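Asker: Here's my sequence, what's the structure:
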Amino acid sequence: MKAKSCIVLMTIFWLTIGNTKNSSNISVKFNNPEKFTDFKSVVNSNKTNRSILMEELENLLIKSSDSYVNHSEKMEIIITNVDIKGSYFFGSRNLFRVVKDTDRSNLEFSYKVTDSNGLISKQGDINLTNRNLRSKTRSRIKNRHSHFTYEMAMYDTWLKKNF
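Answerer: Prediction:
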């Protein structure tokens with residue numbers, strides 16, 4: 001059963017992230033990912049599944065942030081918690097995700113943007129939370145094959161408002 005869930009996670013990961021370019025001016029770090037709300041669930045409890053999710057989220061954040069951060073600046077993002085919208089269940093053959101209108105998504109992180117001289121131009125501790133499934137419909141189309149569809153929609157909205 002765990003092998004099937006790992007295969008599903010890896011397939012979605014490669015479909016979503018396969019062509020992502022790495023930006024040298026944006027870095028993503030994780031602060032105690034084993035304690036994250038959804039990185040310690042039954043599905044994601046082992047180190048391999050957690051690593052897959054971390055790499056997927058890192059690449060999505062870099063890809064989204066790249067067009068907002070000036071290439072002369074550096075951005076560091078430190079993820080402190082992730083609560084993925086919905087719940088995962090084992091079906092007869094596969095793992096599937098059920099998302100209800102009452103489910104919430106949460107992405108907690110801190111960030112720092114420094115200019116070419118190393119001076120901090122922006123920084124903060126951010127807690128993005130959303131319970132309204134339909135409020136980000138257009139934004140979530142971009143990442144619909146990701147584990148972080150709803151969380152990235154919130155992050156993209158935050159980027160647009162703050163950069």
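
Asker: At which residues are the strands of the chain located?
Answerer: Along the chain, the stretches classed as strands by DSSP state E are 26-30, 74-83, 87-90, 95-98, 105-114, 120-130.

Asker: can you tell me which of the ones you listed comes nearest to S67?
Answerer: Nearest of these to S67, taken as C-beta to C-beta: strand 26-30 at 10.7 Å. (Glycine included, C-beta is placed from N, CA and C.)

Asker: I figured K122 hits D115, correct?
Answerer: No: between K122 and D115 there is no contact under C-beta atoms under 8 Å: 9.8 Å.

Asker: neighbours around K122, how many?
Answerer: 14 (other C-beta atoms under 10 Å).

Asker: who's it bridged to?
Answerer: When bridges are called by DSSP bridges, K122 pairs up with V113.

Asker: Please tell me how far it sits from T37.
Answerer: 26 Å (C-beta to C-beta, to the nearest Å).

Asker: Equivalent analysis for N127, please.
Answerer: For N127 relative to T37 (C-beta to C-beta), the value is 12 Å.

Asker: Also N49?
Answerer: From N49 to T37 the distance is 15 Å (C-beta to C-beta).

Asker: More neighbours: the two, which one.
Answerer: Using other C-beta under 10 Å as the criterion, N49 and T37 rank with N49 on top: 19 against 12.

Asker: which non-adjacent residue is nearest S105?
Answerer: Nearest residue to S105, sequence neighbours excluded (C-beta to C-beta, 6 or more residues apart in numbering): K85, at 3.7 Å.

Asker: I'd say that neighbour and M152 touch.
Answerer: No: judged on C-beta under 8 Å, K85 makes no contact with M152 at a distance of 10.8 Å.

Asker: Helices of the chain, start to end?
Answerer: 2-17, 47-66, 137-140, 149-162 (DSSP state H).

Asker: wait, what's in contact with the residue nearest to M154 when sequence neighbours are not counted?
Answerer: Nearest non-adjacent residue to M154, counting by C-beta to C-beta, 6+ apart: L128, 4.3 Å away. By C-beta atoms under 8 Å, 6 or more residues apart in numbering, the contact set of L128 is 105-108, 151, 154-155, 158.
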